[in-house]
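**Q** build me a structure from this.
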Amino acid sequence: MLRTEGLKKKYGRVEALADLTLDVPEGAVFALIGPNGAGKTTAIKIVMNLLRATAGRAEVLGVDSRKLGPAELAQVGYVSENRRLPGWMSAGYFFSYCKGFYPAWRDGDLAELVRLYDLPLDRPLKAMSRGMRIKAAMAAALAYRPRLLVLDEPFGGLDVLVREEVIESILERTAESTVFLASHDLAELESFATHVGYLDQGRIQFVEEMGALSERFREVEVVLETAAELPPNLPPAWLNAEQSSLVVRFVHSRYEEARCAAEIRQFLPGAHDISARAIPLRAIFVALAKSAKKNHRGS
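**A** Below is the predicted model of the structure:
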C-alpha cells in the first residue's frame, strides 16, 4: 500500500532523511514515531508528492508517488500537520466542495461524522476552534472510506474525549483500509497501532509489530547485596542504566529472561534480587530518545 526505498532528503548540508526504507503492509495501522525533527513530516510530504526527495523513491498504491493522479488520490485520505483549510468556506460548503473529487463519497458516513464530531455546518471554518477544524478535516478524509489514510499529527489540539471520538471514527471506517500516521501521542497509538517505525535524525532505527515491540522491552530493577559502581561497557541492550545505592535500573531492549539473568550475573555479580516489568510505548520511546541523545553527545 505504501513503500519507500532509500529515501533521502537534504536541505543544503542538513540531511532530513537518510536511506528511509519502509514497507507498510495492507490493512496495517502503521505509526511512525520519533523525536521532533526526526523527519516524520518530511517523509509524509514526499509520500504525498508535496515534496521532492533528493534520492530514492516512494510508492503509493503501487504507483510512484511523483506520478500520483486523480484515480490514486481519490483513494487516499490525507490530514496534514498544518491543516490549512479555506477559512471563508462554511463547513457544509467545504464538504460539498470535497465531495466532487471523490467518487466513493458517502453522504451517510459524512452525516454520521458530523453528528459524532458535533460540527456546525453553517459556521465558517475560520470561525472554528483548532479542534473543530481538525475534526472537519478528518470528516472530509473519512467520508469516502479511503484505501489508504495518511495522518500527520492527527490528535494535536484535541482534548481527551475528542481524541477518543476521532480514534473510534478512524477504526470504524478503516476496517478494510491501511493507515499510515505520524504522532507524538503515544498512549493513543498504543491502543490501536499494529506496526511501529522509529525514526531518529532521519534514519529508521527499527520497524516492528506492536506486539513484538512490547514483548522485547522491559524495565529491569536489580538489588545488589553490597554497593558497587556500575562497570564500564555494559551490554548495548541495557538502555540508560542508573544506580541509586544498592539499586540498579535500566530498560532492556532485547529482553529474554534467561539471557538477561546471565548478563546480570556477569556484569553485576552482587545481584541479590531481579525484577522486570513491561512498559508502555511512551516509556519505550523515552528510553530510546534518552539513549540516542547520550550516544549523539558521546560521538
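**Q** how about low-confidence regions in this protein?
**A** Low-confidence segments of the chain, defined by pLDDT under 70, are located at 296-299.
**Q** on contacts alone, who are the packing partners of the longest helix seen in the chain?
**A** When the chain is scanned for its longest helix (criterion: DSSP state H), the result is helix 281-298. Secondary-structure packing of helix 281-298 (3 or more Cβ pairs under 8 Å, 6 or more residues apart in numbering; DSSP states H and E): helix 186-192, strand 195-200, helix 210-216, strand 238-244, strand 247-252. Quick note: C-beta positions are derived from backbone N, CA and C, even for glycine.
**Q** list of residues touching it?
**A** 33, 35, 186-187, 189-190, 196, 198, 200-201, 205, 210, 213-214, 217, 219, 239-240, 251, 253, 279 (Cβ atoms under 8 Å, 6 or more residues apart in numbering).
**Q** buried sites along it?
**A** Across helix 281-298, burial judged by 16 or more other Cβ atoms under 10 Å covers 281, 284, 285, 286, 287, 288, 289, 291, 292.
**Q** all helices for the stretch 1-150 of the chain, in order.
**A** 40-47, 70-73, 91-99, 107-117, 130-142 (DSSP state H, counting those that start in this stretch).
**Q** may I see those helices organised as a markdown table, with mean neighbour count and distance to residue 224 added?
**A** As requested, these are arranged in a markdown table below (neighbours: other Cβ atoms under 10 Å; distance: least, Cβ to Cβ, whole Å):
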| stretch | mean neighbour count | distance to residue 224 |
| --- | --- | --- |
| helix 40-47 | 24 | 40 |
| helix 70-73 | 13 | 60 |
| helix 91-99 | 18 | 62 |
| helix 107-117 | 16 | 54 |
| helix 130-142 | 22 | 50 |
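**Q** quick one: those as CSV, columns for distance to residue 247 too.
**A** Shown next, in CSV, are the helices of the stretch 1-150 of the chain (distance: least, Cβ to Cβ, whole Å):
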stretch, distance to residue 247
helix 40-47, 36
helix 70-73, 56
helix 91-99, 56
helix 107-117, 48
helix 130-142, 43
